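1. Show me the folded form of this:
(4 chains)
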Protein chains: 2
Amino acid sequence: MATLKQVAALAKVPLLTAYHALSGAADVPPAQRESVRAAAEQLGYSLNVTIKDVAALAEVSIATVSYVLNDSAPVSAATRHRVLEAAAALNYRPNVNGRILQANKTRLIGYGWHNLKRGHSAPFLERFAYWMAQAVESYGYHVLTFAHSADSPTDAYRELIQTNRVDGFILSHTNRNDPRIRYLLEARVPFVAFGRANDRWDFPYVDVDGREGVRLVAEHLIGLGHTRLALIGWPEGSLSGDARVQGYFDALDAAAISPQTGWIKRAENSAAAAAAAAADLLEMPLATRPTAILCVSDLMAVGVINHLNRCGVQVGYDIAVSGFDDDPIAELIQPSLTTLRQPVDDLAAQVVALLMAELERIPAPQRQILVAPQLIVRASTAPQRQFP
Amino acid sequence: MATLKQVAALAKVPLLTAYHALSGAADVPPAQRESVRAAAEQLGYSLNVTIKDVAALAEVSIATVSYVLNDSAPVSAATRHRVLEAAAALNYRPNVNGRILQANKTRLIGYGWHNLKRGHSAPFLERFAYWMAQAVESYGYHVLTFAHSADSPTDAYRELIQTNRVDGFILSHTNRNDPRIRYLLEARVPFVAFGRANDRWDFPYVDVDGREGVRLVAEHLIGLGHTRLALIGWPEGSLSGDARVQGYFDALDAAAISPQTGWIKRAENSAAAAAAAAADLLEMPLATRPTAILCVSDLMAVGVINHLNRCGVQVGYDIAVSGFDDDPIAELIQPSLTTLRQPVDDLAAQVVALLMAELERIPAPQRQILVAPQLIVRASTAPQRQFP
DNA sequence: CAAAGCAAATGAAACGTTTCAACGAGTGAG
DNA sequence: CTCACTCGTTGAAACGTTTCATTTGCTTTG
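-> Have a look, this model is predicted:
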């Protein structure tokens, strides 16, 4: 491919004129415009301003242009000025791909999407993706998203690394002993997880402090006078699930309440399963029946509220209910749901900050970060009644 | 940077042995391993298999390797076999960045995130992002996501194009006269919109057929015996909003029902605004009061249902309610909500198929596609009562 | 038997950048 | 006046591919 300079030479016009003729950025006499067009045609040139063109216009070497634009070597004020003028006149923008090849850094961060089943979708993650993109851009990076299957997730990660498509990864929706984390650790690929995997592996992560969150809401309920608190958690074994249960015990311990058998239920993360658990709780004798039900997700809390509504139990008055996540539904359900909000923007920013340190291979002093969620009090735990 | 061949020569071992020593892919006698390590160290070489290494091992030129791997020129069976063996033995994966620079094609599609206000988030878009990534990958592309501000969105698009970061774009959340579309058309950048902009511009898009959707649900209600149907739409002026209203008229016309004044309300896309509109409707005299309320979004329908519940009106029995979107909340609210589901996977696949045609610069015959949503009947329009 | 033709393989250029090593022109010290 | 330095600048190499133009070694044909 020819350069702009050659086109200009062939058309016997100044370089800048050739640029204007082809770009339309400024007016050029029709005769000249035509001859430039013809010259470009003849050379098979299509407008594409490179560092060479800037160098030609500024009458310096391309090395000098590079030094000026990256401020990576001393350049005299006069030349610097000429170069900047030329770059501006030609509206020059460096081609990132040239850079990438030379530096062997793509400035791209991989982020994999799962295929969430209907109803299990997390609106939360869409916002996370936004804030992540935003945070990453402030460091001059971009996010490359890809889809991966649930059964062999590592394949997609391996492929992206081996073909040099990305510099690192951000993982979300981590599982216990997540195979992706195992692979990335072994392959020594920079990454940060949004979520934990197990206690043995040492890797950088940011997670919501579910334990502290549930403790907060339990404390809030105890403060309202509740003394019989039930908890509907996930089946034992999930990292974040067990942490949340722990927060419940923390609060009860602190208030010197001893948890009764039957107050703790386990259910899958669905409205229906939680409703069934709530039904069990309702069957307890009124005198010992819990007056508050803590749920480890908003989805479950919604199931509980719907069930209580159907049974004629007044939620927020007869029985308080709380959730976790601050899903949009929390504001929309009747009564509106007390819950814990995860500070998405903050989480994303911290994940990205950690990742940048990993990419520089200078690990941050604190590579494991827990962020406390914020208690959002709504009608489902309104202090409307004195509990016996 | 040195090549694997040079390292092997310096360590006086075969190329493949050098590879094994450095990669650990196969066992190598400790003595040899050490001398290879030392040689690599001395040359400042870190393991990175390129086409040159494959060529060296197969004892052919790099051109031949390229031809074999891309099947882009005739190669004798014997050499082809040698090359494939060598590539496999070295676990060679082409570096995409070399390709990108040479072809000036990044095989990256840009997709911009908006910052949606809390409560206005669309869980739908998260799933769209997943299916889009999936579809794009089946063509060997990836999605580059970026965040852009609401006030000057085109800047981000321009930057990505001018620096050659992406080959094209997918837009979602399009507005009437969307400035992004105006820019991309003018800059002649390949893109496809998920949503329309206005009737004047000719560009490829895929959109949900809101008109047909609302017609479907109205038809369904009329089939149940309803004759007085109200509609709560968005303020006039939005493209998709107006289309949905049109579907309502279509169905009423077909059933020879003439819409009464007062049946049509306009409200912002929020639960509260829709509830207020529903309150107005409730004040109409019982004899002429609508028996069904169609809403142009699930969010609005939820506001309406909550309001009716509060007023003691039995939704699905006294008054039917419908929404649009099939948000997860539709299944969770009481009663569950009849609505229109957008076939996300299908929409994403069609958007991507269109984009691929645009990228090849051979525009598809049909560049504007409307996809009909699917009617999902739930309890909020149950046929429980004979309407007068 | 020479010329022509063909298939297979190769050397080298190109894509756009950064950066190393080298160079020339001043400047200050001896 | 010369030598050694510094500062500013430059040519060229390198990153990993693809692909053009050419060469090599055969086979066929007149």
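
2. Can you give me the neighbour number for the nearest residue to residue A:383 once chain neighbours are set aside?
-> Using C-beta to C-beta, 6 or more residues apart in numbering or on different chains and skipping the chain neighbours, the partner closest in space to residue A:383 is residue A:224 (4.8 Å). Heads up, the C-betas are built off the backbone N, CA and C, glycines and all. Counted with other C-beta atoms under 10 Å in any protein chain shown, residues neighbouring residue A:224 total 18.

3. now do the one 3 residues further on
-> When counting by other C-beta under 10 Å, one arrives at 14 neighbours for residue A:227.

4. same deal with the one 5 residues further on?
-> Number of residues near residue A:232 (other C-beta under 10 Å) recorded here: 27.

5. Could you look up the SS state of it?
-> Reducing the assignment to helix, strand or coil with DSSP: H, G, I helix; E, B strand; the rest coil, the entry for residue A:232 is strand.

6. from memory it sits against residue A:292, does it?
-> No: between residue A:232 and residue A:292 there is no contact, the gap being 11.3 Å when judged by C-beta atoms under 8 Å.

7. give the contact list for the residue nearest to residue A:208 when sequence neighbours are not counted.
-> Excluding the flanking residues, the one nearest residue A:208 by C-beta to C-beta, 6+ apart is residue A:342, at 5.0 Å. Residues in contact with residue A:342, defined by C-beta atoms under 8 Å, 6 or more residues apart in numbering or on different chains, are A:124, A:208, A:325, A:326, A:371, A:373.

8. Sitting in strands, which of the residues you listed do you find?
-> In strands, judged by DSSP state E, the following of the contacts of residue A:342 are found: A:208, A:371.

9. Including pLDDT, neighbour count and distance to residue A:243, could the contacts of residue A:342 go into TSV?
-> Rendered in TSV, the data for these read as follows (pLDDT from 0 to 100; neighbours: other C-beta atoms under 10 Å in any protein chain shown; distance: C-beta to C-beta, whole Å):
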residue	pLDDT	neighbour count	distance to residue A:243
A:124	77	21	17
A:208	95	24	9
A:325	92	25	15
A:326	93	24	18
A:371	96	16	13
A:373	97	22	12
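
10. What is the nearest of the contacts of residue A:342 to DNA strand C?
-> For those, the residue nearest DNA strand C by C-beta to the nearest atom of the strand is residue A:371; the value is 35.7 Å.

11. so how far is residue A:137 from that closest one?
-> Counting by C-beta to C-beta, to the nearest Å, the gap between residue A:371 and residue A:137 amounts to 21 Å.

12. Around chain B, pick out the residues from the stretch 251-388 of chain A.
-> Where proximity means C-beta under 8 Å from any C-beta of the partner chain, the interface of the stretch 251-388 of chain A facing chain B comprises A:271, A:299, A:302-303, A:306, A:309-310, A:328-329, A:331-334.

13. among those residues, which ones are buried?
-> With neighbours counted using 16 or more other C-beta atoms under 10 Å in any protein chain shown, those contain these buried positions: A:271, A:299, A:302, A:303, A:306, A:309, A:328, A:329, A:331, A:332, A:333, A:334.

14. Can you tell me the closest non-neighbouring residue to residue A:344?
-> The shortest distance from residue A:344 to any non-neighbouring residue, by C-beta to C-beta, 6+ apart, is to residue A:127 (4.8 Å).

15. got the phi/psi numbers for the residue nearest to residue A:208?
-> When quoted as degrees, to the nearest 10, the phi and psi of residue A:342 stand at phi -90, psi 130.

16. right, and out of the contacts of residue A:342, which lies closest to residue A:173?
-> Distance ranking of the contacts of residue A:342 against residue A:173, using C-beta to C-beta, places residue A:124 first at 10.5 Å.

17. give me the residue from chain A nearest DNA strand C.
-> residue A:98 (2.7 Å).

18. ok, and the closest residue to that residue other than its chain neighbours, which helix or strand is that part of?
-> Closest residue in space to residue A:98, ignoring its immediate chain neighbours: residue B:101 at 6.2 Å, by C-beta to C-beta, 6+ apart. Element membership for residue B:101 (DSSP states H and E) is helix B:96-103.

19. Quickly check: the helix or strand just after that helix near chain A or not.
-> Proceeding C-terminally, helix B:96-103 gives way to strand B:108-113 as the next helix or strand, assigned by DSSP H and E. Yes: contact of strand B:108-113 with chain A (C-beta under 8 Å from any C-beta) involves B:108, B:111, B:113.

20. wait, what's in contact with the second one?
-> Right, residue B:111. Going by C-beta under 8 Å, 6+ apart, the list of residues near residue B:111 reads A:145, B:129, B:132, B:143, B:144, B:145, B:146, B:169, B:170, B:172.

21. hmm, 7 Å instead?
-> B:132, B:143, B:145, B:170 (C-beta atoms under 7 Å, 6 or more residues apart in numbering or on different chains).

22. Check what pLDDT it gets.
-> With respect to pLDDT, residue B:111 scores 97.

23. What residues are bridge-paired with it?
-> Under DSSP bridges, the beta-bridge partners of residue B:111 are residue B:145, residue B:170.

24. circling back: okay if I get the contacts of residue B:111 as JSON lines plus pLDDT and distance to residue A:61?
-> Shown next, in JSON lines, are these (pLDDT from 0 to 100; distance: C-beta to C-beta, whole Å):
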{"residue": "B:132", "pLDDT": "97", "distance to residue A:61": "44"}
{"residue": "B:143", "pLDDT": "98", "distance to residue A:61": "38"}
{"residue": "B:145", "pLDDT": "97", "distance to residue A:61": "38"}
{"residue": "B:170", "pLDDT": "98", "distance to residue A:61": "40"}
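
25. For those, please prepare CSV with the additional fields distance to residue A:73 and neighbour count.
-> Below are the contacts of residue B:111 laid out as CSV (distance: C-beta to C-beta, whole Å; neighbours: other C-beta atoms under 10 Å in any protein chain shown):
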residue, distance to residue A:73, neighbour count
B:132, 43, 29
B:143, 37, 25
B:145, 35, 22
B:170, 40, 24
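
26. Show me where the stretch 251-388 of chain A dips below the pLDDT cut-off.
-> Counting by pLDDT under 70, the stretch 251-388 of chain A contains low-confidence ranges at A:384-388.

27. One more pass at 80, please.
-> A:383-388 (pLDDT under 80).

28. Kindly report the same for the stretch 1-150 of chain A.
-> Within the stretch 1-150 of chain A, the segments meeting pLDDT under 80 span A:1, A:115-125.
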